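[1] sharing a sequence plus its predicted fold:
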Amino acid sequence: MGKKFSDKDFPIGRIATLVLLCFALQIFIIVKLINLQIVRYTGIETRVKEQSEKRIKTIPTRGKIYDREYRVFALTIGKKRIYPLHELCGNTIGFIGKDGMGLEGVEYEFEHVLSGTPGWLTLAKTPYGKLYPYPGLPMKPMKSANDIVLTIDTDIEAIVETALMNRLRELNAKEGSGVVIECKTGEILAMATVPSCNPTEWRRFKEWNNSVIQDQFEPGSSFKVVPISLLMKGKLVGLQDIVEDGSAQITIGNHTIHDVHKHDEFTFSQAVWQSSNVAFVRLTPRIGKDNFYVGSRLFGFGTPTGIPLPGEAPGRLTTPDRWSTLGFANISFGQGMSCNLLQLALAYQAVANKGELLRPIIVKKIISSEGETIYESSPIVVRRVLSPADAQIVNSLLCGVIEYGSGMSARVPGLKMAGKTGTAQKAVNGRYKDAYIASFITFFPADNPEILVACVINEPQGMCLSSQVCGPVIKEIVTNIVKLKQYQCFFDSSLVLGNQNMAMKKDAPGNNQVPFFKKKNTLKLTEAGR
């Protein structure tokens, strides 16, 4: 017979303990499963994906920057940004930093256009770490970068930079800048700062400056385009009126303002041609402070041009309630206010364009990676500042500056040009110092203006007058642009080479005669000087 078991062989306590242990084990397993599948699921899944998958960031190749003829200013090859034209237009193009983002110029301003939008893709990973594509893994496509076509013409840019750099060396000047604009569209064909910076070597430059828009200066007599225009607009003076008696000076309070040279009496036309500060001091009270201020703002002074480039200086034009009698006199010939070169150039562009001020254009097109044009510029009229008739009168007066006056040094034989010179003392910390800045603006052909050229030379040594400093530069630039573009239609057959000494003839202004106009309506100088 088999052995019989009694209760003593299976104590109730032991059985209960065994059951509890089994139950606890089940609870532990359940909790562990909950922890693994619910609480820690995300983390574990991430670890598994890290071991079996890898997310790769996809960065689009940075877009190219072209000139108007699709010559390359900037492109990317591998990891290094390349600037094939080196320092040519470098201060305008700008550069990118170590992180591949634009830090100056076009590279900075159009970062969102040139960089595109990064994406990512997921690759599977073998146990040995080798990556391979696997269908169905998540991804985000990158958005390709776009290319930018500028309005700049590299040939014209090279002409301007070369002429300025040569003149800087000749005069041991501090800096030069120049801009070339299409009068009827506002497109910028050249924007030069010299000495220029090479974007490839940006680390060695202490500062990066596009002086055409970032430097503001007192323009001197080149600002006279404003009072000339306002006087003509208001019919406040006749072209033949005698406006300066030949004293060549005027006293306001304790301050005496002089013309550069002694001269005979001047008509208004001659005062424009020879840039008589005294005549303009006498005439601007006719305009009035408020009208002068409003007119200056209409021409764009005291406010940014809106060009899409970083760091534009707005210029300075205080309100007329802050102008003393002497202050108003100074502003009449471009001292006591300031502007950047582009603002100044656009004021003349408005005259050349029959009185319509245009917005400056630096980007001609934006092109997608597929070659589709997604943006194309067109002329934008900011406002009308002069009637076509008044603009034509101002145009004719500015032609006289080149033919008979302070701008003769820039004259290109056979080409009808209009323009104005400007020479101003430099102000530092509110005080004028023995240093000058010279400016010159011209547009041609004057009968149907197509091209405007403006330049500034900062602190020339040995001479200061714009006619001497900037005249030869303007002449060189204009001559080479005409040769480059073969603008035969620009030339006026009546202005032949043999007529280049025309201003020295008997009927020239310097011989106390008034070409084209007869003298009349002599102005009472005591009234005009108030």
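    In hand now; what should we look at? Numbers count the residues shown, from 1 in each chain.

[2] tell me where the stretch 201-350 of the chain has strands.
    216-217, 242-244, 249-252, 255-258, 266-267, 339-340 (DSSP state E, counting those that start in this stretch).

[3] spit out the contact partners of the closest residue to V260 other than its chain neighbours.
    In space, and not counting its chain neighbours, V260 is closest to L465: 7.0 Å by Cβ to Cβ, 6 or more residues apart in numbering. For glycine as for every other residue, the C-beta is placed from the backbone atoms N, C-alpha and C. By Cβ atoms under 8 Å, 6 or more residues apart in numbering, the contact list for L465 reads 260, 406, 421, 423, 438.

[4] what about the third one, neighbour count?
    Applying the criterion other Cβ atoms under 10 Å, we find 30 residues in the vicinity of T421.

[5] for the closest residue to it other than its chain neighbours, give me its contacts.
    Excluding the flanking residues, the one nearest T421 by Cβ to Cβ, 6+ apart is S466, at 3.8 Å. S466 sits next to 220-222, 406, 421-423, 438-440 when contact means Cβ under 8 Å, 6+ apart.

[6] same list, the residues you listed, but as a markdown table with pLDDT please.
    As requested, those are exported to a markdown table (pLDDT from 0 to 100):
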| residue | pLDDT |
| --- | --- |
| G220 | 95 |
| S221 | 96 |
| S222 | 97 |
| S406 | 93 |
| T421 | 96 |
| G422 | 96 |
| T423 | 94 |
| A438 | 96 |
| S439 | 97 |
| F440 | 98 |
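
[7] can you turn the buried part of those residues into a ChimeraX selection?
    The buried subset of the contacts of S466, as determined by 16 or more other Cβ atoms under 10 Å, is captured in ChimeraX by this line:
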select :220,221,222,406,421,422,423,438,439,440
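
[8] list the contacts for the residue positioned nearest the centre of the chain?
    The chain has I213 as the residue nearest its centroid, 4.5 Å off, counting by Cα atoms, centre = their mean. Neighbour list for I213: 305, 307, 309, 311-313, 340-342 [criterion: Cβ under 8 Å, 6+ apart].

[9] let me have the strands of the stretch 201-350 of the chain in a markdown table, adding mean pLDDT and mean neighbour count as columns.
    Formatted as a markdown table, the strands of the stretch 201-350 of the chain follow (pLDDT from 0 to 100; neighbours: other Cβ atoms under 10 Å):
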| stretch | mean pLDDT | mean neighbour count |
| --- | --- | --- |
| strand 216-217 | 94 | 20 |
| strand 242-244 | 95 | 25 |
| strand 249-252 | 93 | 14 |
| strand 255-258 | 92 | 13 |
| strand 266-267 | 95 | 26 |
| strand 339-340 | 97 | 30 |
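
[10] would a markdown table of these with distance to T373 be doable?
    Output for these, formatted as a markdown table (distance: least, Cβ to Cβ, whole Å):
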| stretch | distance to T373 |
| --- | --- |
| strand 216-217 | 35 |
| strand 242-244 | 53 |
| strand 249-252 | 57 |
| strand 255-258 | 54 |
| strand 266-267 | 53 |
| strand 339-340 | 31 |
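
[11] closest to A454 out of those?
    strand 339-340 (10.7 Å; Cβ to Cβ).

[12] show me what that closest one is packed up against.
    Contact analysis of strand 339-340 by 3 or more Cβ pairs under 8 Å, 6 or more residues apart in numbering; DSSP states H and E lists helix 211-214, strand 216-217 as its packing neighbours.

[13] parallel or antiparallel, list what pairs with the shortest one.
    Paired strands of strand 216-217, with direction, are strand 339-340 (antiparallel) (DSSP bridges).

[14] Three-state assignment for A424, please.
    Applying DSSP: H, G, I helix; E, B strand; the rest coil to A424 yields a three-state assignment of strand.

[15] show me the contacts for it.
    With Cβ under 8 Å, 6+ apart, A424 has these contacts: 217-221, 334-335, 436-437, 439.

[16] what number of residues lie near the residue nearest to V72 when sequence neighbours are not counted?
    Counting by Cβ to Cβ, 6+ apart, V72 lies nearest to P84, which is 5.4 Å off, once chain neighbours are set aside. Neighbour count for P84, taken as other Cβ under 10 Å: 11.

[17] residues near L18, how many?
    With other Cβ under 10 Å as criterion, L18 counts 10.

[18] wasn't it part of a helix?
    Yes: counting by three-state DSSP, L18 is located in a helix.

[19] ok, now which ones touch it?
    Here L18 is in contact with no residue (Cβ under 8 Å, 6+ apart).

[20] how close does it get to R411?
    117 Å (Cβ to Cβ, to the nearest Å).

[21] what is the top strand by length along the chain packed up against?
    If you go by DSSP state E, the chain has its longest strand at strand 431-444. Contact here means 3+ Cβ pairs under 8 Å, 6+ apart; on that basis strand 431-444 packs against helix 341-352, strand 418-428, strand 451-458, helix 466-469, helix 471-485.

[22] which of those has the lowest average pLDDT?
    Among these, strand 418-428 carries the lowest mean pLDDT, a mean of 90.

[23] list the neighbouring strands of that strand plus their orientation.
    By DSSP bridges, strand 418-428 pairs with strand 431-444 (antiparallel).

[24] can you state the direction angle for the strand it pairs with and strand 451-458?
    160 degrees (axes from the mean of the first three to the mean of the last three Cα atoms, to 10 degrees).
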